[in-house]
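*Asks:* How does the following fold in three dimensions:
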Amino acid sequence: GIAWRFRSSRVRKGAERMEDLLEKHAHSSDSRKDFKSFILIVTNCAVYYCNKGGFEIARRTEVRAITKVSTSTEDPDAALLHVPSEYDMFLRVEGRVKELIDRLQDAAAEWTNYNLYLPQEGRGSHDIAEYVFPIEEQPSLVAAGNLERPAGFKEAQARRNPADVRRS
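*Replies:* Numbers count the residues shown, from 1 in each chain. Okay, the predicted model is just below:
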């Protein structure tokens, strides 16, 4: 398959509130202090997040699991990938968000070449509009991605073995 590589960033731990960060970086180009850089690789079946200079895969998300992409009118470099089965993914791609969305849509359409059908695809239909992600522009991405802890989250965390938890 084909893969596309993007240099991206996410918010560093302990950074300011998201609203303040988006407003601050919409008007400046220096975002290294607040955003942690990583490599984003988009293939025709999954999106990979690579750390440590691109040599360690931190996360893999199937393209089929992404249901929607939100972009911000305040920060044109920001995107929010909605993944109902996992956490939503907020990321910044300097000047290439439109290209990232195009590549994600190409990857979603590529699944049909392997006869793997996307969940919303009706059998026997080959309309390309059924294979692309809906894109929604929001004034602020902060309101779009509210995460809630599932029931029993604290108990599940308390039962985890500390040796199994890796520091990143």
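*Asks:* Find the nearest non-adjacent residue to residue 45, please.
*Replies:* Once flanking residues are discounted, residue 45 sits nearest to residue 63: 6.0 Å by CB to CB, 6 or more residues apart in numbering. To be clear about C-beta, it is placed using only N, CA and C from the backbone, and glycine gets the same treatment.
*Asks:* pLDDT at the one you found, what is it?
*Replies:* Residue 63 carries a pLDDT value of 86.
*Asks:* Likewise for residue 86?
*Replies:* Looking at residue 86, its pLDDT reads 83.
*Asks:* Quick check: closest non-adjacent residue to it.
*Replies:* Closest residue to residue 86 apart from its sequence neighbours, by CB to CB, 6+ apart: residue 61 at 6.4 Å.
*Asks:* is the one you found in a bridge, and if so with what?
*Replies:* residue 47 (DSSP bridges).
*Asks:* wait, isn't it in contact with residue 87?
*Replies:* No - taking contacts as CB atoms under 8 Å, residue 61 lies outside contact range of residue 87: 9.7 Å.
*Asks:* neighbour count winner among those two?
*Replies:* Remark: of residue 61 and residue 87, residue 61 carries more neighbours, 17 against 11, as counted by other CB atoms under 10 Å.
*Asks:* Residue 161: how many residues sit nearby?
*Replies:* 6.
*Asks:* Renumber starting at 59 from here on
*Replies:* Happy to do that; since the first residue is 59 now, the last one works out to residue 219.
*Asks:* for it, phi and psi?
*Replies:* Per-residue torsions, residue 219: phi -80, psi 120 (degrees, to the nearest 10).
*Asks:* Which elements pack onto the lengthiest helix in the chain?
*Replies:* Ranked by number of residues, the top helix in the chain under DSSP state H is helix 155-168. Here helix 155-168 touches strand 61-69, strand 93-101, strand 126-130, strand 136-140, going by 3 or more CB pairs under 8 Å, 6 or more residues apart in numbering; DSSP states H and E.
*Asks:* Show me which residues of the helix or strand harbouring residue 116 are buried.
*Replies:* In the assignment (DSSP states H and E), residue 116 maps to strand 114-120. For strand 114-120, the neighbour count (16 or more other CB atoms under 10 Å) marks residue 119 as buried.
*Asks:* For that strand, name the packing helices and strands.
*Replies:* Strand 114-120 sits against strand 104-109, with contacts defined as 3+ CB pairs under 8 Å, 6+ apart.
*Asks:* What residues of the strand it packs on count as buried?
*Replies:* 104-108.
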